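Q: Sharing a model prediction with you, sequence too.
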Amino acid sequence: MAKMRTVDAIVAILEKEGATEAFGLPGAAINPLYSAMKAHGGIRHTLARHVEGASHMADGYSRAKAGNIGVCLGTSGPAGTDMITGLYAAQADSIPMLCFTGQAPVAKLHKEDFQAVDIESIAKPLTKMAMTILEPGQVPGAVQKAFQLMRTGRPGPVLLDLPFDVQMAQIEFDIDAYEPLAVEKPRATRKQAEKALDMLTAAERPLIVAGGGIINADAADKLVELAELLNVPVVPTLMGWGAIPDDHRLMAGMVGLQTSHKYGNATFLESDFVIGIGNRWANRHTGSIEKYTAGRKFVHIDIEPTQIGRVFSPDFGIVSDAGLALEALLEVAREREAAGTLPDYSAWAESAQDKRGRMQRKTHYDNVPMKPFRVYEEMNKSFGPETTYVTTIGLSQIAGAQLLHVFGPRKWINAGQAGPLGWTGPAALGVVRGKPGETVVALSGDYDFQFMIEELAVGAQFQLPYIHVVVNNSYLGLIRQSQRGFEMDYHVSLAFENVNATGSERAQGYGVDHVKVAEGLGCKAIRVEHPEDLGPAFEKARALMAEYKVPVVVEAMLERVTNIAMGTELDNVVEFEDLAERREDAPTAIVALLD
């Protein structure tokens, strides 16, 4: 066997496991691994401006395409602690991501050495494995185990901490003899599939709830086939959005307290049976469990055994990979269709579409300053079915989920559970790495945009073009809206008179000049103040992106205060704005408003 440094073995394993896209920052304690990457030449590295940004880039890359595993690298001490938010976002949404941190030499770990921190203990609650590797001979096995864990069961991140002397140590290693460990996924049995379909077909108004596990399993086509075979409406969760295209006749809309459709909630409340596949029953989806479960039976299918019954006890639970469960359900459903024993749910499916044609939110406003709804209408007009949207949290995300359209899996990429501000920009850069040449559009409020705005320079340096739509009301809008219950508007305004701002009075009074900042970071930027200028601005952004190969910011200047529809139960979501009354009120709705 060949004798080599442990870091050279790591890089060889990365290549063999197919994880050749890395994001990070070099530093003294991780330089040996960087030297191995340089010598190898097969790992593409993107230099971030902040380690948290690098972790979100790796996360975005992993989400962009089935099978991707982004790699994040950083030095000892604060680099590891900076990754924690990224690990949390990946763990919360079941995303595989491999993080490497440098570390002080093994003999120094108990001596409070410079930038020596017990990152293993810090990261353990947020990873499938966190390990400080103390023996050089353990390195290949630890990396091998990391890849197996990231791909087995519920996916998630792993952190490997590498003391400097362990990185430099020589070991015997033969990459030609290395093989990835087998990945085990639980599979629904024939009997379980039969029972689930027995329960579904005994119902009068069944629904399928499609979760992010279907996206992770790359099984959206199987979901659509099953829905069509049964003729049963589908409710995607926020993480499952795109598993069934928005323009499909069985897409019933999203359900929940915030990122939901009025017609989706109405259809759900009429249902009497729900089969959830690869979903978590997240609280922003369910509201109170009493209201959510009343009057209906539930089957829950999830890859992680401890998810079954975590939020509420279903009538029947199945531990299975979502794709394998769909295969089993399809096999039984096809047989029953051939035998003519499947019920006819046409009237139920048509009633869900009827609601889509009657319960739409108004988007066509001509106000100046602009209402946010018009921004999403113009985005629908300008960005087609091939578009991938990237966003995290805030009123921008909530309104975007209510009003934008998604037409396929992995075309809505959202830090759904953790929702860290600042995630959107760096994650979008990772998505661009994972989807070269495709249309990527990020969506941020002004606060999310400001959190990690420095990462725009990464897009300029490495020519990673995408369009970043910033809806700017110079407010912490979601927090301001939540403060209404406390009758306060306290420390949530970002507005100030910027003595350096140029442009209109509105732009000057909104504080940070995002156009100047973006341009200073090597990107292009367009400010829009009138709704009729949005469409031309998006077209100009496409042209600038194509010409300069850099991120292009389109900043939409909004009215300061807009309340977005949300509530505390599925049947009491408050509509602060008008519903559509005519087709002209919601011109980009998938189902035209019924007269």
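A: Nice, thanks for sending it over.

Q: For the stretch 351-500 of the chain, just list every one of the strands.
A: Ranges of strands within the stretch 351-500 of the chain are 388-391, 412-414, 440-445, 467-472, based on DSSP state E, counting those that start in this stretch.

Q: what distance separates stretch 199-211 from the centre of its chain?
A: In terms of CA atoms, centre = their mean, to the nearest Å, the centre of stretch 199-211 is found 26 Å from the chain centre.

Q: Quick check: buried residues in it?
A: Of all the residues in stretch 199-211, those buried under the rule 16 or more other CB atoms under 10 Å are 199-201, 203, 205-211. Bear in mind the C-beta positions are built from the backbone N, C-alpha and C, glycine included.

Q: Tell me which of the strands of the stretch 351-500 of the chain sits nearest to R356.
A: Evaluated with CB to CB, the strands of the stretch 351-500 of the chain place strand 412-414 nearest to R356, the distance being 18.3 Å.

Q: Paired strands for that closest one, with orientation please.
A: strand 388-391 (parallel) (DSSP bridges).

Q: neighbouring contacts of the strand it pairs with?
A: Contacts with strand 388-391, where a contact means CB atoms under 8 Å, 6 or more residues apart in numbering, come from 60, 64, 397, 400, 404, 406, 410-414, 424, 427-428, 431, 435, 438-444, 466.

Q: just the buried members of those?
A: Once neighbours are counted (16+ other CB under 10 Å), the buried part of those comes down to 60, 64, 397, 400, 404, 406, 410-414, 424, 427-428, 431, 435, 439-444, 466.

Q: Within the helices and strands, which one has F100?
A: strand 97-103 (DSSP states H and E).

Q: partners of that strand in the sheet?
A: Strand 97-103 has these partner strands in its sheet, going by DSSP bridges: strand 70-74 (parallel), strand 157-163 (parallel).

Q: The helix or strand containing A338 - contacts with which helices or strands?
A: Following DSSP H and E, the helix or strand that holds A338 is helix 322-339. When contacts are defined as 3 or more CB pairs under 8 Å, 6 or more residues apart in numbering; DSSP states H and E, helix 322-339 packs onto helix 190-201, helix 212-216, helix 220-230, strand 273-277, strand 297-302.

Q: before we move on, the earlier item: in CSV: the strands of the stretch 351-500 of the chain, plus distance to F486 and mean pLDDT.
A: Supplementary listing: the strands of the stretch 351-500 of the chain in CSV, determined by distance: least, CB to CB, whole Å; pLDDT from 0 to 100:
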stretch, distance to F486, mean pLDDT
strand 388-391, 27, 98
strand 412-414, 28, 97
strand 440-445, 21, 97
strand 467-472, 24, 97
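
Q: Would you mind telling me which of these is nearest I303?
A: The closest of the strands of the stretch 351-500 of the chain to I303 is strand 412-414. By CB to CB, the value is 20.0 Å.

Q: Show me which residues of stretch 131-142 are buried.
A: Of the residues in stretch 131-142, those scored as buried under the neighbour-count criterion (16+ other CB under 10 Å) are 131-133, 136, 139-140, 142.

Q: doesn't K291 make contact with L257?
A: No: counting by CB atoms under 8 Å, L257 does not reach K291; the two are 10.6 Å apart.

Q: By mean pLDDT, point me to the weakest helix or strand of the chain.
A: Taking mean pLDDT, DSSP states H and E as the measure, the helices and strands of the chain show their lowest mean at helix 505-509, namely a mean of 64.

Q: Now the helix or strand just after it - C-alpha only, CSV.
A: For helix 505-509, the succeeding helix or strand toward the C-terminus, using DSSP H and E, is helix 514-520. Backbone C-alpha positions of helix 514-520 (Å, rounded to 0.1, in the frame of the first residue of the first chain) are rendered in CSV as follows:
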residue,chain,number,x,y,z
HIS,A,514,-28.1,48.3,-1.1
VAL,A,515,-27.3,49.4,-4.7
LYS,A,516,-24.1,51.0,-3.6
VAL,A,517,-23.1,48.1,-1.4
ALA,A,518,-23.8,45.5,-4.0
GLU,A,519,-21.8,47.5,-6.6
GLY,A,520,-19.0,47.9,-4.2
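
Q: Tell me the first helix or strand C-terminal of helix 514-520.
A: Scanning forward in sequence from helix 514-520 by DSSP H and E, the next helix or strand is strand 524-528.

Q: out of the helices and strands packed on helix 322-339, which comes closest to E331?
A: helix 190-201 (7.0 Å).

Q: what sits opposite the residue nearest the centre of the chain in the beta ladder?
A: The chain has N414 as the residue nearest its centroid, 2.5 Å off, counting by CA atoms, centre = their mean. N414 forms beta bridges with T391, as assigned by DSSP bridges.

Q: Contacts only, for it.
A: With contact taken as CB under 8 Å, 6+ apart, N414 is in contact with 238-239, 241, 389-392, 397, 401.

Q: next one: R410
A: When contacts are counted by CB under 8 Å, 6+ apart, R410 is found next to 63-66, 215, 242, 388.

Q: buried subset of these?
A: The neighbour-count test (16+ other CB under 10 Å) marks 63-64, 215, 242, 388 as buried among the contacts of R410.

Q: Could I get the CA-only coordinates of stretch 437-446 as PDB?
A: Provided in PDB are the C-alpha atoms of stretch 437-446 (Å, rounded to 0.1, in the frame of the first residue of the first chain):
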ATOM      1  CA  GLY A 437     -26.400  27.500 -16.300                       C
ATOM      2  CA  GLU A 438     -29.900  27.300 -14.700                       C
ATOM      3  CA  THR A 439     -32.000  30.300 -13.600                       C
ATOM      4  CA  VAL A 440     -31.600  30.800  -9.900                       C
ATOM      5  CA  VAL A 441     -33.600  33.600  -8.200                       C
ATOM      6  CA  ALA A 442     -33.100  34.400  -4.500                       C
ATOM      7  CA  LEU A 443     -35.700  36.200  -2.400                       C
ATOM      8  CA  SER A 444     -34.800  38.300   0.600                       C
ATOM      9  CA  GLY A 445     -36.200  41.000   2.800                       C
ATOM     10  CA  ASP A 446     -33.800  43.800   3.500                       C
END
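
Q: Residues touching it, excluding its own?
A: 379, 383-384, 386-392, 394-397, 400, 404, 424-425, 427-428, 431-432, 466-475, 477-478, 494, 510, 512, 514.

Q: Okay, now the unreliable bits of this protein?
A: For the chain, the stretches with pLDDT under 70 are 1, 477, 502-508, 594-595.

Q: Tell me how many other residues crowd the residue lying closest to G459 once chain neighbours are set aside.
A: Spatially, and ignoring its direct neighbours in sequence, G459 is nearest to P551 (4.0 Å; CB to CB, 6 or more residues apart in numbering). Residues near P551, counting by other CB atoms under 10 Å, number 32.

Q: Now do the same contact list for P551.
A: Counting by CB under 8 Å, 6+ apart, the residues that P551 touches are 428-429, 456, 459-460, 464-468, 518, 523-524, 545.

Q: again, only this time at 7 Å
A: The contact partners of P551, by CB atoms under 7 Å, 6 or more residues apart in numbering, come to 456, 459-460, 465-466, 468, 523.

Q: repeat for A333
A: With contact set as CB under 7 Å, 6+ apart, A333 has these partners: 197, 226, 229-230.

Q: Repeat that for G212.
A: 93-94, 237, 239-240, 278.

Q: Pick out whichever of those residues sits closest to A537.
A: Proximity of these to A537 (CB to CB) peaks at M239, which lies at 30.2 Å.

Q: coming back round to it: I590: which of the strands paired with strand 97-103 is closest?
A: Of all the strands paired with strand 97-103, it is strand 70-74 that lies closest to I590, at 32.5 Å by CB to CB.

Q: tell me which residues of the helix or strand following that closest one are tucked away?
A: The C-terminal neighbour of strand 70-74 among helices and strands, as given by DSSP H and E, is helix 78-92. For helix 78-92, a neighbour-count test (16+ other CB under 10 Å) marks 79-92 as buried.
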